[in-house]
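Asker: Fold the following.
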Amino acid sequence: QVQLVESGGGLVQPGGSLTLSCVASGFTFSTVAMSWYRQPPGKGRELVATITSVGGITVYADSVKGRFTISRDMAKNTAYLQMNSLKPEDTAVYYCNAKRTRLPRLEVWGQGTPVTVSS
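Answerer: Coordinates of the predicted model:
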């Protein structure tokens, strides 16, 4: 069964840190790009960070550059989002995404994990 399962969200104070995890199953993890998206309350979903399948190239939204780090462990079929120096505006539901653009195409979403940054 093709799926992504996120974990690690929660409540954290401003300036704090959290690490989100996304475990993949049912497909070949090394062939997909992994991304984290987020959806703040009352707003649309936005791309936070991506790591490619080949070369591990990373791309970040300007709002999180220097604070967030995306990584992947091929042996564990897991992607991570390390979030440091968290701000209240980082409050959102965070979603993991797997995407393969070459054939056979594939796109999978996780169920989301909530992150709340508040004192």
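Asker: show me the contacts for the most centrally placed residue in the chain.
Answerer: Geometric centre of the chain, nearest residue: Trp36, 2.6 Å, by CA atoms, centre = their mean. By CB atoms under 8 Å, 6 or more residues apart in numbering, Trp36 lies in contact with 20, 22, 47-50, 70, 79, 81, 94-97. No exception for glycine: its C-beta is placed from N, CA and C like everyone else's.
Asker: Give me the buried subset of those residues.
Answerer: Those of the contacts of Trp36 that meet the buried threshold are Leu20, Cys22, Val48, Ala49, Thr50, Ile70, Ala79, Leu81, Tyr94, Tyr95, Cys96, Asn97, by 16 or more other CB atoms under 10 Å.
Asker: picking that back up, quick check, nearest of the contacts of Trp36 to Gly56?
Answerer: The closest of those to Gly56 turns out to be Ile70 (CB to CB; 9.5 Å).
Asker: where are the low-confidence patches of the protein?
Answerer: Low-confidence segments of the chain (pLDDT under 70): none present.
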